[in-house]
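A.B. asks: take a look and give me a structure for this.
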Amino acid sequence: MALIKAENIGKNYQTEDVVVHALQDVSFEIEPASFVSFVGPSGSGKTTILNLIGCLDKPSAGKLQVADTDVGMLERNESAAFRGKHLGFIFQDFNLIPVLTIYENIEYPLIMVQNIAPEERRERISRMLAAVGMTQQARKYPQQISGGQKQRVAVARALVANPALVLADEPTANLDSQTAYAVIGLMKKMRDDFGTTFIFSTHDTKIVGEAEVLFRLEDGRLTAKEMKGGAKS
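C.D. replies: Got it, this is the predicted structure:
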């Protein structure tokens with residue numbers, strides 16, 4: 001069964017007297033444990049799709065199901081609860097909290113969105129720190145580690161609540177090529193180890209090359225789906 005199913009979704013934005021059609025009649029399905037990227041030029045609708053899947057916005061038309069839930073029908077508090085239970089987020093500028101240690105940054109979503117006992121929190125955080133190779137840096141602060149290490153922490157933070165789905169908006173934009181490939185490899189390993197679906201919005205050819213499914217967008221429309229190996233549908 002598909003983890004995500006979009007049926008003829010559209011998204012419009014009103015700017016003064018002009019209606020901007022950010023998405024038009026977009027349909028797709030994404031299976032569990034997928035490594036997927038939405039690609040296209042600026043303004044094609046990539047980030048809009050991630051915002052809809054992430055319950056940060058609602059479709060203007062059509063139906064969007066994520067984890068068997070019609071997310072377009074959720075109220076604001078329900079959307080927040082849904083994000084906490086099912087979703088993780090990774091951003092291009094890392095979004096780590098500077099006054100918290102690496103350990104505390106990873107712990108933060110467990111405290112904020114889930115009622116998890118302290119012992120279990122410690123176990124989860126220790127497991128994530130080890131998985132991303134940051135155990136020795138646990139007591140450091142974000143300004144004391146490199147950009148690549150910050151993105152590793154962001155990956156751990158996104159996964160510590162055991163989400164079914166991680167949404168990553170240009171996650172390698174601020175990384176050099178070597179570090180970007182290392183982070184992509186880490187995310188793919190985490191997918192293999194934990195069965196998490198990763199969905200990217202990106203211009204980065206490195207992610208495009210590693211994605212197993214590509215959805216190409218142009219002017220708010222889905223123009224192609226490409227499977228690894230070059231097959232199209």
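A.B. asks: for the spatially most central residue of the chain, what are its contacts?
C.D. replies: By CA atoms, centre = their mean, the chain has its centre lying nearest to residue 167, at 0.9 Å. Listed by CB atoms under 8 Å, 6 or more residues apart in numbering, the contact partners of residue 167 are 50, 53-54, 87-90, 199, 201. Bear in mind the C-beta positions are built from the backbone N, C-alpha and C, glycine included.
A.B. asks: for those, give me CSV that also has distance to residue 124 and neighbour count.
C.D. replies: Output for those, formatted as CSV (distance: CB to CB, whole Å; neighbours: other CB atoms under 10 Å):
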residue, distance to residue 124, neighbour count
50, 25, 20
53, 24, 22
54, 22, 22
87, 17, 21
88, 13, 25
89, 17, 20
90, 17, 23
199, 23, 24
201, 27, 24
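A.B. asks: and which of those is nearest residue 155?
C.D. replies: residue 90 (6.2 Å; CB to CB).
A.B. asks: for the chain, which segments count as helices?
C.D. replies: Applying DSSP state H to the chain gives helices spanning 46-53, 76-86, 102-113, 118-131, 147-159, 177-194, 205-210.
A.B. asks: of all these, which one comes closest to residue 10?
C.D. replies: Across the helices of the chain, closest to residue 10 is helix 46-53 (CB to CB), at 10.1 Å.
A.B. asks: restricting to C-alpha, output the closest one in PDB.
C.D. replies: Only the C-alpha atoms of helix 46-53 are listed here, as PDB (Å, rounded to 0.1, in the frame of the first residue of the first chain):
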ATOM      1  CA  LYS A  46       8.900  21.300  -5.500                       C
ATOM      2  CA  THR A  47       8.900  23.000  -2.100                       C
ATOM      3  CA  THR A  48       5.100  23.400  -2.400                       C
ATOM      4  CA  ILE A  49       4.700  19.600  -2.600                       C
ATOM      5  CA  LEU A  50       6.900  19.100   0.400                       C
ATOM      6  CA  ASN A  51       4.900  21.600   2.400                       C
ATOM      7  CA  LEU A  52       1.700  19.800   1.500                       C
ATOM      8  CA  ILE A  53       3.000  16.400   2.400                       C
END
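A.B. asks: packing partners for it?
C.D. replies: Counting contacts by 3 or more CB pairs under 8 Å, 6 or more residues apart in numbering; DSSP states H and E, helix 46-53 is packed against strand 4-15, strand 18-30, strand 35-39, strand 61-66, strand 165-169, strand 197-202.
A.B. asks: Serialize those to a markdown table and add fields for mean pLDDT and distance to residue 215.
C.D. replies: Shown next, in a markdown table, are the helices and strands packed on helix 46-53 (pLDDT from 0 to 100; distance: least, CB to CB, whole Å):
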| stretch | mean pLDDT | distance to residue 215 |
| --- | --- | --- |
| strand 4-15 | 95 | 10 |
| strand 18-30 | 95 | 6 |
| strand 35-39 | 96 | 5 |
| strand 61-66 | 97 | 14 |
| strand 165-169 | 95 | 14 |
| strand 197-202 | 95 | 9 |
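A.B. asks: now those in a markdown table, with distance to residue 117?
C.D. replies: Below are the helices and strands packed on helix 46-53 laid out as a markdown table (distance: least, CB to CB, whole Å):
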| stretch | distance to residue 117 |
| --- | --- |
| strand 4-15 | 31 |
| strand 18-30 | 33 |
| strand 35-39 | 32 |
| strand 61-66 | 28 |
| strand 165-169 | 24 |
| strand 197-202 | 27 |
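A.B. asks: one step back: the helices of the chain: which one's closest to residue 23?
C.D. replies: Closest among the helices of the chain, once you apply CB to CB, is helix 46-53, at 5.6 Å.
A.B. asks: what is the mean pLDDT for that closest one?
C.D. replies: Average pLDDT, helix 46-53: 95.
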